[in-house]
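Peer 1: Provide a 3D model corresponding to the input given below.
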Amino acid sequence: MSEQQHETRQDTRYRVVLNDEEQYSIWWTGRELPAGWRAEGTEGTREECLARISEVWTDLRPASLRRRMSAASSA
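Peer 2: As a prediction, this is how the structure comes out:
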């Protein structure tokens, strides 16, 4: 099965993942995570995982940028 077919199957399960910059994405369950990413804890359909990301990822700036901006504003 091609990767595109794999992505469109209704029974495909995903997990929410994030990196050290607190950027979110989805990844197939059962596949090794790419370097630099870790599981957030949510698994489900593509739509369920994307809904979870919409709930928790409200500031799209990378964590390092948020820290720099916070430090600059308090200086």
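Peer 1: lowest mean pLDDT among the helices and strands of this structure, which one is it?
Peer 2: Scoring the helices and strands of the chain by mean pLDDT, DSSP states H and E places helix 3-8 at the bottom, with a mean of 56.
Peer 1: after it, which helix or strand is next? Please name it.
Peer 2: Scanning forward in sequence from helix 3-8, with DSSP states H and E defining helices and strands, the next element found is strand 14-19.
Peer 1: against which helices or strands is that next one packed?
Peer 2: Contacts defined by 3 or more C-beta pairs under 8 Å, 6 or more residues apart in numbering; DSSP states H and E place strand 14-19 against strand 24-28, strand 37-44, helix 46-56. Yep, even glycine has a C-beta here, placed from its N, CA and C like the rest.
Peer 1: hey, which of these is tucked in deepest?
Peer 2: strand 24-28 (a mean of 17; mean count of other C-beta atoms under 10 Å).
Peer 1: that one pairs with which strands, and in what direction?
Peer 2: strand 14-19 (antiparallel) (DSSP bridges).
Peer 1: which parts of the strand it pairs with are buried?
Peer 2: Neighbour-count burial for strand 14-19, with 16 or more other C-beta atoms under 10 Å as criterion, is recorded at Y14, R15, V16, V17, L18, N19.
Peer 1: one step back: same list (the helices and strands packed on strand 14-19) but as a markdown table, adding distance to P62 and mean pLDDT.
Peer 2: Formatted as a markdown table, the entries for those read as follows, by distance: least, C-beta to C-beta, whole Å; pLDDT from 0 to 100:
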| stretch | distance to P62 | mean pLDDT |
| --- | --- | --- |
| strand 24-28 | 12 | 97 |
| strand 37-44 | 14 | 97 |
| helix 46-56 | 15 | 97 |
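Peer 1: G41 is in contact with R52, correct?
Peer 2: No: the criterion here is C-beta atoms under 8 Å, and R52 misses it with G41 at 9.2 Å.
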